[in-house]
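> Sequence and predicted structure, then a few things I'm wondering about:
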Amino acid sequence: MSWATGVMVYLVIWWTILFTVLPLGVKRVENPGRGQDHGAPDKPQLVRKAVITSLVAAVLWLGFYFLHQMDIFSFRP
């Protein structure tokens, strides 16, 4: 596996995990102000969610890497 393939697989895993982590801990604003969406989160905690996403994606990528190195699956026909 080339480094470019490894980076692309990590990015796909990262975005997938991000979309699963985003809804965690979301609380709506109780009294939204003028121009504020009623469904907007009060405290989105995006940095915390990005860190969690990166750690989980790294663990899953390592699993993918080892499975690929052991020739359990390959991208080649």
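Cool, got the structure. Note that this is a predicted model, so its numbers are computed, not measured.

> which residues of the chain score low on pLDDT?
Within the chain, the ranges that satisfy pLDDT under 70 run 74-75, 77.

> cutoff 80 now
Along the chain, segments meeting pLDDT under 80 span 1, 73-77.

> Against the centre of it, work out the most remote residue.
Centroid-distance maximum for the chain: residue 34 at 32.0 Å, with C-alpha atoms, centre = their mean.

> For the protein, which segments count as helices?
For the chain, helices defined by DSSP state H occupy the ranges 3-21, 46-69.

> Same list, those, but as TSV with mean neighbour count please.
Where C-beta positions appear, they are placed from N, C-alpha and C, glycine not excepted. Written out in TSV, the entries for the helices of the chain read as follows (neighbours: other C-beta atoms under 10 Å):
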stretch	mean neighbour count
helix 3-21	14
helix 46-69	14
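
> Out of these, which gets nearest to residue 27?
Set against residue 27 and scored by C-beta to C-beta, those come closest in helix 46-69, at 14.0 Å.

> So which elements touch the closest one?
helix 3-21 (3 or more C-beta pairs under 8 Å, 6 or more residues apart in numbering; DSSP states H and E).

> can you list the residues that contact the helix it packs on?
49-50, 52-54, 56-58, 60-61, 64-65, 75 (C-beta atoms under 8 Å, 6 or more residues apart in numbering).

> same deal with stretch 51-67?
Applying C-beta under 8 Å, 6+ apart, the external contacts of stretch 51-67 come out as 1, 6, 9, 10, 13, 14, 17, 18, 21, 73.
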